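Chemist: what shape does this take:
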Amino acid sequence: MECLAFLLVVGLAVVGGARDERKNIVFVICDSMDGRLVGQGQDGVVDLPYLSSMVQNGVNFRNTYTNSPICCPSRSALWSGVHTHVTGAWNNYKGLPRDYPTWQVRLEQAGYHTQVYGKTDYVSGRHSESNRVEAWTRNVNFTLAQEGRPTPVLVGNASTTRISQDWSTTDLASKWLIHEAPKQQKPWLLYLGLNLPHPYPTPSMGKNFGGSTFMTSPYWLEKVDSSKVTIPKWLPFSQMHPVDYYSSATKNCTSNFTSDEIMRIRQYYYGMCAETDAMLGQVLDALKSSGQENSTYVFFTSDHGELAMEHRQFYKMSMYEASSHVPMVLTGPDVPAGRDVKDLASLVDVFPTFMDIANASKPSGLNGSSLLPLLKDSSDKVDRPDWVLSQYHGCNVNMSTYMLRIGNLKYVAFGNGPKQVSSQLFDLEEDPDELHNLAKEMPEKVSQLDNRLQMLVDYPAVTREVQNYNKESFMAWKAKLGSRYTEEIANLRWWKDWQRNSQGNEEKVEEWLEQPPN
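Modeler: Below you'll find the predicted structure:
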């Protein structure tokens, strides 16, 4: 029946050879943008003129979250419209199969032309060997630094604008809009995936280097209001949640940082966001030049955020707002200007929204809800969930993490639940910096929210599934390496810490492997 519905849509669109009048879509997704930066107007710490223009002329979905705060699992949820525990996209190595029926496939079946440039990163088998091994071994009884120390780097001069390699794909997308989009007889979707403002690689960490370099130029720093850059408050080590401490340690963030270092890391990150905004701007200008602006929806979002030294961490992999809260802004035909939507949303909502725009039937089993009804007056809105769900199962965190946001409350459970390790509960209205964990003060609320979370996902069972997957994957990797195993595991991103006690660390891995399955 679904295939028949798609054929009917396509058939109606081309009767008599008429041009298909359904609306086009431009979808720009960046990597690692903190959603709280969008919609701040004159109060913003960084000037983002193109995003600000989109907010003024469209809708800002202010409370949008990633469904898993790391690249591949997050994008797997976005491209599939399905939560992580359903797809089993556990880490940056395990995403979707190549033949998965994503929204791109469905749009093409519905008669759309799709044009994809830049980073997609939702398919299994990518990212570094070290990244996957770190995820598989997160339950081993050691804590090894896996990343380079976060470092700010200034390059170029006051006229240096093009730092990121993303400009090359932005140029391609812009040229396609100007020269090819007007020729299309079908409605179309243009996708542009940017890597900024993700931190840059740190080659000094060896052959398996990660990315801990915050790099920008004086030109982009001019867009940052230094007077508004704050140094985040850190809890003492003794008060940190044990999972947070593990994350800080494996991200190489437990040593001393001067106030100047922290300020520059944050300033440079905001400069990287300004460069990202400029690439979005080039695409918006190209769309206007193409004459297609009035018949095209434009979406901007990010796969996850960036901690930028909040909670003594950088990168993502956390349920704190800087990591899990993402931008979602929409402009286009009949989109009300300047609307600020406070309803909760997440990246799984993108798939059903695209189906609505295409007048195509939604596949069964999607977990998201279309965003289009939120454009209507409140009295006309259809029912949608009053919660969002996010989860994390990858590296730099030593147990699976589950976040449920309802209203102003954010509940975070770990592993098998509160009996194994304490939960976190934050009131985001009273405590936007998430420094006061209310879990011990409000045990009844914790029990209520934990029950609600388990109604949505049997998270202790998911935790066991991930643990078994991790061990089986590691054993297969070890067997494949054979005699090269000892040398290979010693030279992953954790090599500096590993080699301080190579034999002891290898023995701890063997102890973990000998533990009975869950």
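
Chemist: so what does K342 look like in phi/psi?
Modeler: phi -100, psi -10 (degrees, to the nearest 10).

Chemist: oh, that last question was meant for V28, not what I typed.
Modeler: With angles defined as degrees, to the nearest 10, V28 sits at phi -110, psi 120.

Chemist: roughly how far apart are the residue nearest to D386 when sequence neighbours are not counted and F426?
Modeler: Spatial nearest neighbour of D386, chain neighbours left out: I406 (6.1 Å); criterion: C-beta to C-beta, 6 or more residues apart in numbering. Just so you know, the C-beta spots here come from the backbone N, C-alpha and C atoms, and that holds for glycine as well. Note on I406: its distance to F426, by C-beta to C-beta, to the nearest Å, is 12 Å.

Chemist: counting neighbours, go ahead and name the busier of these two.
Modeler: F426 (24 against 16; other C-beta atoms under 10 Å).

Chemist: confirm that that one sits in a strand.
Modeler: Yes: assessed with DSSP: H, G, I helix; E, B strand; the rest coil, F426 lies in a strand.

Chemist: might one say that the residue nearest to D386 is in contact with L453?
Modeler: No: checked against C-beta atoms under 8 Å, the pair I406 and L453 is beyond contact range at 9.7 Å.

Chemist: contacting residues for C395?
Modeler: C395 makes contact with N91, N92, N131, E134, A135, R138, Q146, T250, M317 under the criterion C-beta atoms under 8 Å, 6 or more residues apart in numbering.

Chemist: show me which of these are buried.
Modeler: By neighbour count, with 16 or more other C-beta atoms under 10 Å, the contacts of C395 hold N91, N92, N131, E134, A135, R138, Q146, T250, M317 as buried.

Chemist: export the residues you listed to CSV and tack on pLDDT and secondary structure?
Modeler: CSV is the format used below for the buried ones among the contacts of C395 (pLDDT from 0 to 100; DSSP: H, G, I helix; E, B strand; the rest coil):
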residue, pLDDT, secondary structure
N91, 94, coil
N92, 92, coil
N131, 87, helix
E134, 94, helix
A135, 95, helix
R138, 96, coil
Q146, 91, coil
T250, 96, helix
M317, 97, coil
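
Chemist: turn the residues you listed into CSV, including distance to Q499.
Modeler: Below are the buried ones among the contacts of C395 laid out as CSV (distance: C-beta to C-beta, whole Å):
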residue, distance to Q499
N91, 25
N92, 24
N131, 19
E134, 16
A135, 21
R138, 20
Q146, 14
T250, 16
M317, 24
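
Chemist: closest one of those to W220?
Modeler: M317 (25.6 Å; C-beta to C-beta).

Chemist: do you know how far the closest one is from Q146?
Modeler: Plainly put, M317 is 11 Å away from Q146 if you go by C-beta to C-beta.

Chemist: now the common contact residues for these two.
Modeler: Shared contacts of M317 and Q146, defined by C-beta under 8 Å, 6+ apart, comprise C395, N396.

Chemist: okay, now the unreliable bits of the stretch 351-500 of the chain?
Modeler: 378-382 (pLDDT under 70).

Chemist: who touches N24 in this structure?
Modeler: Going by C-beta under 8 Å, 6+ apart, N24 touches A181, P187, W188, L189, L190, Q292, S295, T296, Y297.

Chemist: for the closest residue to A89 other than its chain neighbours, what are its contacts?
Modeler: With C-beta to C-beta, 6+ apart as the criterion, A89 has its nearest non-adjacent residue at 3.6 Å, and that residue is S76. If you count contacts by C-beta under 8 Å, 6+ apart, S76 has them with S68, T84, T87, A89, G95, L96, Y122.

Chemist: state the pLDDT value of S76.
Modeler: We have a pLDDT of 98 for S76.

Chemist: now for the longest helix seen in the chain, which elements pack on it?
Modeler: The longest helix of the chain (DSSP state H) is helix 259-290. If contacts are counted by 3 or more C-beta pairs under 8 Å, 6 or more residues apart in numbering; DSSP states H and E, helix 259-290 sits against strand 24-30, helix 49-57, strand 151-154, helix 166-179, strand 213-216, helix 218-221, strand 296-302.

Chemist: and that helix with strand 296-302, angle?
Modeler: Angular relation of helix 259-290 and strand 296-302 on a 0 to 180 degree scale: 170 degrees, by axes from the mean of the first three to the mean of the last three C-alpha atoms, to 10 degrees.

Chemist: turn the contacts of S76 into TSV, columns for distance to L347, pLDDT and secondary structure.
Modeler: TSV is the format used below for the contacts of S76 (distance: C-beta to C-beta, whole Å; pLDDT from 0 to 100; DSSP: H, G, I helix; E, B strand; the rest coil):
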residue	distance to L347	pLDDT	secondary structure
S68	9	98	coil
T84	11	98	helix
T87	13	96	helix
A89	12	96	coil
G95	14	94	coil
L96	14	96	strand
Y122	11	95	coil
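
Chemist: among those, which one has the most neighbours?
Modeler: If you rank those by neighbour count (other C-beta under 10 Å), S68 sits at the top with 35 neighbours.
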